[in-house]
Each structure stands twice: as C-alpha cells, then as structure tokens.
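In: Attaching a predicted model along with its sequence, questions to come.
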Amino acid sequence: MSRSRRVVISGYYGFSNAGDDAVLSAIVAGLKSCAESVDITVLSASPDATGRTYGVHAIPRTSIADVSNAIRHCDLFISGGGSLLQDATSLLSLIYYLGTIWLARLFRRKVMILGQGIGPLRSPVSRFMTKMALNGVNLITVRDTESAELLRSIGVCTPTVRVTADPTLALSPCSPDHAMSLLAGAGIGHGDDVIAVALRDWPEYDGLAERFHEAFAAISHELPAKLLLITMHTPDDAVFSARVAHGTDCVVQPGQWTPDELLGVLGQCKFVVGMRLHALIFAASVGVPCIGISYDPKVESFLDAIGQSKITLPEVVAGELATQVVDAWHRRDALASILAERVPIMREAARENIRLALELLDT
C-alpha cells in the first residue's frame, strides 16, 4: 500500500479569526473530499484546538524544529490563503511567511501559494524579498486581479500565476434550523428581519466607536429590522462591538460561532454591513446583499467584484453611514440580483484552488 501524501499548510491559523479559520476549513475540506489519501499538517498558534476542530495534525507555528521537520517530509507545502504576504501588519509577519516558503524551497518541496490576496507591499525591501521568495515556487493562485498585477509589477515572473477566488466561497453554511437556533439564542425572533453588522476597530480614526454608535442608533430607528453585531475576530471585535452597541437596540453575538455557523446566520439575514472582508465574502456566498466599509484596498476590490455598495471610513467619520445603509437597504433586491449573477462564477473559481493543488500534488 502506498503511503499517504503529506501536505503542510501555513497561514494565520489558531488566532480565533473567523475569516482565516474559514480559509483553513475550506482548504482542509476540499483536500479531504477530493484526495483518496492525504495527511495534513497545519502550522498553528493553537495546535491542540486546530487539530481537534479540523481533524488534522497541527504543530506550533513558531517551533523551528517541528516546522522544519514537517516541511522536510511533506509532498506539498501550501501557503494560504488570506492576506499573508503584506507588510501593513508588520515586516516581521511578512518575513515569517516568506521564511516558511524559503524553507520549503530549500528542502526542494513543491510549493503552492493558494488563493491569497497579495499586498500591500509598501517598502522596497518587502517587494524584493517577496519577489525572490516567489520566483521559483510551483504555483500561485490569487483571489483578485489586483494581487496578480502587484506580483507582476514587483517582478514575479512565475508563469503559473492564476486568478481564482477566495477559498471560503466554496464553504457550505450550517443548517437553517441550527442558524435559527443561534439567532434565537441571541434574542432574535423567528419573524424578525435582521441586518448583520461586522465591525473592527481602526485606531487611525479617533472616536470611531462613537460614530458607529450614532449611526446604528439612527438605523435602528429608521428601518424595521434588528441589528446583530457579529464577531469575526475574538476577543477584539466582541469588545469593540459591545462599545458600539451600548445604549442602543443592537444585539451583540453571544459566544463564538464557527465559520459555517456564521455563514448560516448570515443566510437568514436580510442585509449585511461589513468592515471585515470575510464577513462580506460570507454574505456574498449566501446571496445576501451588503454594504462594505472600506478601510483597505482588499475590501474595495472585493466589493467592486461583487457589485455591492461601499462607504469609506472618512465618510463614516463624517456621519454618512446611516444614510448610505438606509439607501442600500432599499436597493437590496437589485443588489441581490447582482450577487446571484456573479457569485456562482466566483465559487467555481474558488474550487479551482483545490483542483490545482491536487494536480500539483499528483505530478
């Protein structure tokens, strides 16, 4: 009997971030459903929890010995998805992810960059390091054309750069009954219209929580819908959402929901207001119209791709959020029609990530 093929996956895993957890869930589920025999190892900040949740072998992402041993003996090293190759978070973060790619190349392993959003790469050093690391990998798939253009502009000449889509678009939601039970646990009745809201703090703007508070208090008064503030990154988003909701009729998500539960809950909503990219991706995936709060080019790029409304943070600070949300709410049928046209194509592109990974694994 031939041995299982070994795959190592690197990403922002084990940090209680629903978007990145969804990416991992999509990759693992895709590999397991399509490959007859595959042994998956994940580099994680919380290896025990990651192993239990996804049924994989997980190791500490900062253990040089464990990481080196896993990569040395793998058949395919996957870096992705999410926004790993960027220096907005920190240069050290970029060095870590490029370092794992270099290590896989050093051991002459097959390397795939899977469904990532590349950039920003603000410094010349970041662009040079990224170019040197990626020129020589076997396959690169990116989730948008802007990422592909950035790679070409910095000199990545790998002929196998392909534009696919975010892997999470291939995920399935939990059952409607389970989603309704989660909404009931949040105090939302079966017949209530719901607007889901996914926020994050952005320290560059003072008083952002107060501006959101004012806007959602006005929206609650204006629209016949309950506002549910969901948590994409624990505990930061929960703390920020509690500040925003204090003294309003907004409901804050109780506890922590898994990616498929978040997908299921959003599928029961009428509209989504999202600042977190993956909240917008989840909304699109289940066909729910949305307005995105753009704080980063990746958010604006995705909103353009799915034809949905957007507002910038300066406009939020200027007090325009409530007006724009109410306007988009009244246009939600038209926005939903655009999603119905565009998302199936993107979902098929998301599945292409796994097909290409398996082709690489089999060669």
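Out: Great, that's in hand.
In: residues contacting Ser123?
Out: 87, 91 (CB atoms under 8 Å, 6 or more residues apart in numbering). For every residue, glycine as well, the C-beta is placed using N, CA and C.
In: give me that answer again for 7 Å
Out: Asp87 (CB atoms under 7 Å, 6 or more residues apart in numbering).
In: Show me where the stretch 51-200 of the chain has its strands.
Out: Ranges of strands in the stretch 51-200 of the chain, per DSSP state E, counting those that start in this stretch, are 57-60, 76-82, 110-116, 139-142, 161-163, 194-198.
In: List the buried residues in the first one.
Out: Right, the one you point to is strand 57-60. 58-60 (16 or more other CB atoms under 10 Å).
In: ditto for the shortest one
Out: Neighbour-count burial for strand 161-163, with 16+ other CB under 10 Å as criterion, is recorded at 161, 163.
In: distance between it and the chain's centre?
Out: Centre-to-centre, strand 161-163 and its host chain are 18 Å apart (CA atoms, centre = their mean, to the nearest Å).
In: And for the first one?
Out: Averaging C-alpha coordinates over strand 57-60 and over its chain gives two centres that are 21 Å apart (CA atoms, centre = their mean).
In: Flag the shaky bits of this protein, pLDDT-wise.
Out: 1-3, 35, 158 (pLDDT under 70).
In: separation between Phe107 and Phe282?
Out: Per CB to CB, to the nearest Å, Phe107 is found 36 Å from Phe282.
In: Determine which member of these two has the greater number of neighbouring residues.
Out: Phe282 (33 against 14; other CB atoms under 10 Å).
In: residues touching the more buried one, list them.
Out: Applying CB under 7 Å, 6+ apart, we find Phe282 in contact with 262-263, 266.
In: now the strands of the stretch 51-200 of the chain in a markdown table, with distance to Arg122?
Out: Formatted as a markdown table, these follow (distance: least, CB to CB, whole Å):
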| stretch | distance to Arg122 |
| --- | --- |
| strand 57-60 | 30 |
| strand 76-82 | 18 |
| strand 110-116 | 17 |
| strand 139-142 | 18 |
| strand 161-163 | 21 |
| strand 194-198 | 26 |
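In: Asp48 is nearest to which of the ones you listed?
Out: For Asp48, the closest of the strands of the stretch 51-200 of the chain is strand 57-60, at 7.3 Å, according to CB to CB.
In: hmm, who's touching the closest one?
Out: When contacts are defined by CB under 7 Å, 6+ apart, strand 57-60 is touched by residues 40-44, 47, 50-51, 66-67, 70.
In: how about the strands of the stretch 201-350 of the chain, start to end?
Out: 226-230, 251-252, 271-274, 290-294, 309-312.
In: strands paired with the shortest one, and their directions?
Out: Which is strand 251-252. Partners of strand 251-252 in the sheet, by DSSP bridges, are strand 226-230 (parallel).
In: chain center to the strand it pairs with, what's the gap?
Out: Here the centre of strand 226-230 is set off from its chain's centre by 20 Å, with CA atoms, centre = their mean.
In: For that strand, which residues meet the burial criterion?
Out: 226-230.
In: count of neighbours near Ala18?
Out: Going by other CB under 10 Å, the residues that sit close to Ala18 add up to 27.
In: Likewise for Glu210?
Out: Residues near Glu210, counting by other CB under 10 Å: 12.
In: on that earlier part again, out of the strands of the stretch 201-350 of the chain, flag the one nearest Ala217.
Out: strand 226-230 (9.5 Å).
In: so the closest one versus strand 194-198, what angle?
Out: 30 degrees (axes from the mean of the first three to the mean of the last three CA atoms, to 10 degrees).
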